[in-house]
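J.: here is the input, now give the coordinates:
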Amino acid sequence: MKSSRLVFLVVFTLISFAAQASAQTKVLFLGNSITKHGPKADIDWKGNWGMAASAEDKDYVHLVTKGLTEKAGTAPQVMVKNIADFERAYADYDVAAKLKEAIDFHADLIILAIGENVPALKLPEEKQKLQAGVTTLLNAVKGERKPVILVRSCFWANAAKDEVLQQACTAVGGIYVNISTLGKDESNYARSERPYKHAGVANHPGDKGMAAIAAALVKAVP
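T.: Residues are numbered from 1 along each chain as shown. A predicted model of the protein is given here:
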């Protein structure tokens, strides 16, 4: 009888601890303008959220956060970083210095959503450098812990870039989320939902595209 009670107490404690850990989840989003972009008058963008959602709560970051909250019953702590500068200079990017805050955040869930701003990969050496850069970045924010890592493919599908992202994801034991079909559907673009003065903004995902990205990411979380 005592043995059964002890087993019950141990199991109950583990379940309670797991529930508590789930409630304290920290989520780190690393991306580009699709993840977050501040107001920029010269391109007629007034938001301070993922371009080009119509409102903050309709970008994929906030939709993913909402989905995780519904799963866990508690809202996670969230950190959002635009690392478009990494995309454009991945070979010489000082991860330790530029992402210190993200590294020190000690996220339990890391979502990497980049690639769109990476210059075309024309040579094998360029693909190798990008893979090395992305792997280094993920290992840095991962640290010695074992967080869940999701790496999203490009919204504007690109075979060379997506292959590299998947390889880097595999190297760190992450989960690759392929959204390559979304960019093939015109209705996922912001320009299909409302007019924009700037073609670059219009080429970003709209509310429907953001919702689709979010759904794919939430579904991939173990």
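J.: what sits against Val95?
T.: 86, 103, 136-137, 140 (C-beta atoms under 8 Å, 6 or more residues apart in numbering). For glycine as for every other residue, the C-beta is placed from the backbone atoms N, C-alpha and C.
J.: inside helices: which ones of those residues?
T.: Secondary structure defined by DSSP state H assigns 86, 103, 136-137, 140 of the contacts of Val95 to helices.
J.: what are the ranges of the strands in this structure?
T.: Remark: strands assigned in the chain by DSSP state E are 26-31, 77-82, 109-113, 148-152, 175-177.
J.: let me have those in CSV, extended by mean neighbour count, distance to Glu193 and mean pLDDT.
T.: Compiled in CSV, those are given as follows (neighbours: other C-beta atoms under 10 Å; distance: least, C-beta to C-beta, whole Å; pLDDT from 0 to 100):
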stretch, mean neighbour count, distance to Glu193, mean pLDDT
strand 26-31, 23, 21, 98
strand 77-82, 17, 23, 98
strand 109-113, 24, 20, 98
strand 148-152, 23, 21, 98
strand 175-177, 18, 23, 98
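J.: rewinding a little: most neighbours of all the contacts of Val95, which one?
T.: Scoring those on neighbours with other C-beta atoms under 10 Å, the highest-scoring entry is Leu137 at 25 neighbours.
J.: do I have it right that that one meets Tyr93?
T.: Yes. With contacts counted by C-beta atoms under 8 Å, Leu137 reaches Tyr93, the gap being 7.4 Å.
J.: number of nearby residues for Met51?
T.: There are 25 residues near Met51, going by other C-beta under 10 Å.
J.: give the contact list for it.
T.: 33-34, 37, 45, 190, 201, 204.
J.: repeat for Lys122
T.: Shown in contact with Lys122 (C-beta under 8 Å, 6+ apart): no residues.
J.: and what of His37?
T.: Shown in contact with His37 (C-beta under 8 Å, 6+ apart): 45, 47-51, 82.
J.: circling back: how about the ones in helices among the contacts of Val95 in a markdown table, adding distance to Glu70 and pLDDT?
T.: Below are the ones in helices among the contacts of Val95 laid out as a markdown table (distance: C-beta to C-beta, whole Å; pLDDT from 0 to 100):
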| residue | distance to Glu70 | pLDDT |
| --- | --- | --- |
| Phe86 | 31 | 98 |
| Ile103 | 28 | 98 |
| Thr136 | 34 | 98 |
| Leu137 | 29 | 98 |
| Ala140 | 30 | 98 |
